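In: model the following, please.
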Amino acid sequence: MKRVIAIGSALAMLAVPAGAAAKPDHTDRVNAAKECRTERGATDATREAFVAKYGTNGNKRNAFGKCVSRRAKDEAKEGVTAHKSAVTDCKAEREALGAEAFAAKYGTGKNALGKCVSIQAKAKEQEADAQDKEQIADRKSAAETCDEERGTTAESKAAFAEKYGTNENNRNAFGKCVSQTAKALHQEHEDEQEDETQA
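Out: The predicted structure is shown next:
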């Protein structure tokens, strides 16, 4: 669960410049580490996919640290985006309801806007978290699918490498397969959600 934006800080952040860079804080890094542990998973296939995605040094032992760094930045960015969107939505709601009805719903004076922003930003961050979890689940599922497709025989592994590999020795085949399969799964889920919305 992400940080709960306090009413006071919500008011203070109303003045955050549009171009301000999001810097990860302790909570962002803790949440990122949880997401990375989940994405890494416990099977050989999910761990291989994790290392293929994040590892950058010779033995790719830096994968977890790279994952936490990348996801912490994403967490911070999601927080800033959620807050900015909440400010816009709350101002629009105040305009639509009128000051009196808005104050009755959220509180009096400047506190009303701060409380609205806090509630809305928290909801938007939770929505972003849910999307992250879905993408992680798709990637783990893709890793298992690709591992199954690769098979265990020399022939099946060679065919798999030829099909997905793009570098000189086709060693990136597994990572490429996982990436393509996860992207297809994610698109499938988005299409399903769109169909449900239109129904």
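In: where are the low-confidence patches of the protein?
Out: The model of the chain has pLDDT under 70 over residues 1-21, 109-110.
In: grab the most central residue of it for me.
Out: The structure's the chain has its C-alpha centroid closest to residue 132; by CA atoms, centre = their mean the separation is 3.2 Å.
In: now that one. Nearest residue, chain neighbours left out?
Out: Once flanking residues are discounted, residue 132 sits nearest to residue 35: 6.1 Å by CB to CB, 6 or more residues apart in numbering. From N, CA and C alone the C-beta is placed, and that goes for glycine too.
In: helices of the chain, start to end?
Out: 7-13, 26-40, 44-54, 63-97, 99-106, 109-150, 154-164, 173-198 (DSSP state H).
In: any idea how far residue 108 is from residue 187?
Out: Residue 187 sits 46 Å away from residue 108 when distances are taken as CB to CB, to the nearest Å.
In: again with residue 188
Out: Distance from residue 188 to residue 108, counting by CB to CB: 47 Å.
In: give me the contact list for stretch 150-168.
Out: With CB atoms under 8 Å, 6 or more residues apart in numbering as the contact definition, stretch 150-168 has outside contacts at 146, 149, 170, 171, 172, 173, 174, 176, 177, 180.
In: the second one contacts residue 180, correct?
Out: Spelled out, that is residue 149. No - assessed by CB atoms under 8 Å, residue 149 is found out of contact with residue 180, at 11.2 Å.
In: sorry, back to before: can I get the contacts of stretch 150-168 in JSON lines with neighbour count and distance to residue 62?
Out: Formatted as JSON lines, the contacts of stretch 150-168 follow (neighbours: other CB atoms under 10 Å; distance: CB to CB, whole Å):
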{"residue": "146", "neighbour count": "24", "distance to residue 62": "23"}
{"residue": "149", "neighbour count": "15", "distance to residue 62": "28"}
{"residue": "170", "neighbour count": "17", "distance to residue 62": "23"}
{"residue": "171", "neighbour count": "12", "distance to residue 62": "18"}
{"residue": "172", "neighbour count": "16", "distance to residue 62": "17"}
{"residue": "173", "neighbour count": "22", "distance to residue 62": "22"}
{"residue": "174", "neighbour count": "24", "distance to residue 62": "18"}
{"residue": "176", "neighbour count": "18", "distance to residue 62": "20"}
{"residue": "177", "neighbour count": "24", "distance to residue 62": "22"}
{"residue": "180", "neighbour count": "13", "distance to residue 62": "24"}
